[in-house]
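S.K.: have a look; sequence and predicted model below, questions after that.
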Amino acid sequence: DSGVTQTPKHLITATGQRVTLRCSPRSGDLSVYWYQQSLDQGLQFLIQYYNGEERAKGNILERFSAQQFPDLHSELNLSSLELGDSALYFCASSVEHSGNTIYFGEGSWLTVV
Amino acid sequence: GQNIDQPTEMTATEGAIVQINCTYQTSGFNGLFWYQQHAGEAPTFLSYNVLDGLEEKGRFSSFLSRSKGYSYLLLKELQMKDSASYLCATGKLTFGTGTQLKVEL
């Protein structure tokens, strides 16, 4: 158990819908990262927050957005869902914004039908 | 830019030693990470190198050469449970596509 908690673990939704994935970082970690992993694909970095502020942005689609709240939990919002958005979405956390090990949650499986 | 290259697949025999290589091109280097990922599961941290040289941790060792932009993960006394994908990552934001290691009897 890495200490990073993600909910829901599994989610099935229809195209065009919107979903929210939730992440609680490890106790004491200020930085949260979101990654997307499609079938047989590598981890694609989406976005990073540090202490409530956006720190870095990867290839995140405009239909996706995220935020980190004062209690440091984070949410990833995916809207106008398409079949290709079906993937495993990982949240990870670390103490600082760089130079530290990041620890991954178990992921949220999203299936768009 | 941050380009990470590692072999797509490798096969090794139980009890043997295998070396998984990773080359990277990055500015603002702040460390090289290795993670293990079993299919459908979360990546788990294996090692972190920020200085040149070899870091040994049990059956796993990781090497870094910053001047060459090169790292390797060395797995000794391979076990069947070591069959997994091994991900090389820099700057915590960019992961390689991973090397799928298959350990055979």
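M.R.: Alright, I've got the coordinates.
S.K.: name all residues that make contact with residue 74.
M.R.: The chain I'm using is chain A. By Cβ atoms under 8 Å, 6 or more residues apart in numbering or on different chains, the residues touching A:S74 are A:22-23, A:25, A:32, A:34, A:49, A:66-68, A:91. Yep, even glycine has a C-beta here, placed from its N, CA and C like the rest.
S.K.: please go with chain B instead
M.R.: Contact partners of B:L74, counting by Cβ under 8 Å, 6+ apart, are B:17-20, B:60-63.
S.K.: re the thing from before, now the contacts of A:S74: which count as buried?
M.R.: Buried subset of those (neighbour count, 16 or more other Cβ atoms under 10 Å in any protein chain shown): A:23, A:25, A:32, A:34, A:49, A:66, A:68, A:91.
S.K.: which among these gets closest to chain B?
M.R.: Closest approach to chain B among the buried ones among the contacts of A:S74 (Cβ to the nearest Cβ): A:C91, at 9.5 Å.
S.K.: ok, that closest one touching A:G105?
M.R.: Yes - here A:C91 reaches A:G105: they are 4.6 Å apart, a contact under Cβ atoms under 8 Å.
S.K.: now do the shared contacts for these two.
M.R.: A:4, A:6, A:23.
S.K.: picking that back up, which one of the contacts of B:L74 sits in the busiest neighbourhood?
M.R.: Counting neighbours by other Cβ atoms under 10 Å in any protein chain shown, the top entry in these is B:S62, with 23 neighbours.
S.K.: nearest residue to that one in space, please, no chain neighbours.
M.R.: Nearest residue to B:S62 in three dimensions, chain neighbours excluded: B:S47, at 3.9 Å (Cβ to Cβ, 6 or more residues apart in numbering or on different chains).
S.K.: which ones are touching the one you found?
M.R.: Taking Cβ under 8 Å, 6+ apart, we find B:S47 in contact with B:33-34, B:55, B:57, B:60-62, B:73.
S.K.: again, but for B:E14
M.R.: Applying Cβ under 8 Å, 6+ apart to B:E14 gives the contacts B:78-80, B:103-105.
S.K.: distance of it from B:R66?
M.R.: Distance, B:E14 to B:R66, using Cβ to Cβ, to the nearest Å: 34 Å.
S.K.: thinking again about what came up before, list buried residues within the contacts of B:E14.
M.R.: Applying 16+ other Cβ under 10 Å to those flags B:78, B:103 as buried.
S.K.: cool, thanks, talk later.
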